[in-house]
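Colleague: sequence unknown, structure follows:
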């Protein structure tokens with residue numbers, strides 16, 4: 001049943017893909033690090049040749065979308081989340097408010113998947129280079145991000161539910177939930193800032209877990 005659902009969802013996403021117009025891929029500029037991401041993968045064709053496929057995302061665009069380029073020429077585009085058919089499989093693309101959460105090539109037989117390589121000048125590329133150069137520090141940063149997000153979930157969720165339950169419409173029908181504690185505003189704001197930074201760190205490393213990143217997933221859905 002799950003396999004059939006995944007296949008149906010994939011076909012539905014593929015139907016959103018539109019043909020590209022062939023324009024050239026714009027070079028990545030250093031000042032685009034705050035709002036643009038490029039990811040690459042080279043795939044073999046049936047005739048034995050290889051071609052490079054590039055995913056281009058502009059997070060500040062009016063409509064969340066991704067563009068697919070083949071050897072630097074615009075090949076296709078789609079609203080997000082997107083699934084692009086490519087030789088031997090598909091490229092799955094999904095984002096959150098904080099950046100990319102999925103950028104994977106998945107084989108047709110689902111025997112494996114591969115994360116696309118970010119442009120070395122992009123925010124994801126810079127973070128990946130830092131990870132390669134300072135693996136221990138990088139692991140510590142990743143662990144701290146997980147701890148902050150889990151703390152944010154445990155501490156912030158009861159307060160949020162309590163506030164929502166006090167809305168008259170909800171209170172009349174389901175009652176009021178009283179949170180066991182309420183933190184001072186300055187502490188809640190500090191926690192929100194820390195959680196935002198942690199979510200950005202997770203997005204730069206393309207890490208996303210249904211529990212750890214629950215608040216991000218809820219917001220984006």
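Modeller: Yes, it's here. Note that this is a predicted model, so its numbers are computed, not measured.
Colleague: for residue 29, what are phi and psi?
Modeller: phi -100, psi 150 (degrees, to the nearest 10).
Colleague: for residue 46, see how far away it is.
Modeller: 35 Å (CB to CB, to the nearest Å). All C-beta atoms are positioned from the backbone trio N, CA, C, and that covers glycine.
Colleague: how is the protein partitioned into domains?
Modeller: 2-119, 134-220 (automatic domain parsing).
Colleague: mean pLDDT lowest where, among those?
Modeller: Mean pLDDT is lowest for domain 134-220 out of the domains of the chain, coming in at a mean of 88.
Colleague: that domain: how far from the chain's middle?
Modeller: In terms of CA atoms, centre = their mean, to the nearest Å, the centre of domain 134-220 is set 17 Å apart from its chain centre.
Colleague: tell me the phi and psi of the most far-flung residue of the chain relative to its centre?
Modeller: Computed with CA atoms, centre = their mean, the residue of the chain farthest from its C-alpha average is residue 172, at 37.6 Å. Residue 172 adopts backbone torsions of phi -70, psi -30, taken as degrees, to the nearest 10.
Colleague: list the contacts of stretch 160-178.
Modeller: 158, 179, 182 (CB atoms under 8 Å, 6 or more residues apart in numbering).
Colleague: any of those residues buried? List them.
Modeller: 158, 179 (16 or more other CB atoms under 10 Å).
Colleague: any chance of CSV for the contacts of stretch 160-178, columns secondary structure and distance to residue 70?
Modeller: Shown next, in CSV, are the contacts of stretch 160-178 (DSSP: H, G, I helix; E, B strand; the rest coil; distance: CB to CB, whole Å):
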residue, secondary structure, distance to residue 70
158, helix, 49
179, coil, 53
182, coil, 54
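Colleague: all helices for this structure, in order.
Modeller: 2-14, 123-133, 135-165, 168-174, 185-204, 214-220 (DSSP state H).
Colleague: who's in contact with residue 37?
Modeller: Residue 37 touches 55, 56, 57, 59, 99, 100, 118, 119, 122, 123, 124, counting by CB under 8 Å, 6+ apart.
Colleague: and it, bridged to which residues?
Modeller: residue 57 (DSSP bridges).
Colleague: what about residue 187, neighbour count?
Modeller: Neighbour count of residue 187, defined by other CB atoms under 10 Å: 11.
Colleague: quick check: residue 10 vs residue 208, distance?
Modeller: Counting by CB to CB, the gap from residue 10 to residue 208 is 18 Å.
Colleague: residue closest to the middle of the protein?
Modeller: Mean-position check on the chain, CA atoms, centre = their mean. Result residue 101 at 2.0 Å.
Colleague: that one and residue 208 touch, don't they?
Modeller: Yes. Under the criterion of CB atoms under 8 Å, residue 101 makes contact with residue 208 at 4.0 Å.
Colleague: spit out the contact partners of residue 212.
Modeller: Per CB under 8 Å, 6+ apart, neighbours of residue 212: 146, 149, 150, 202.
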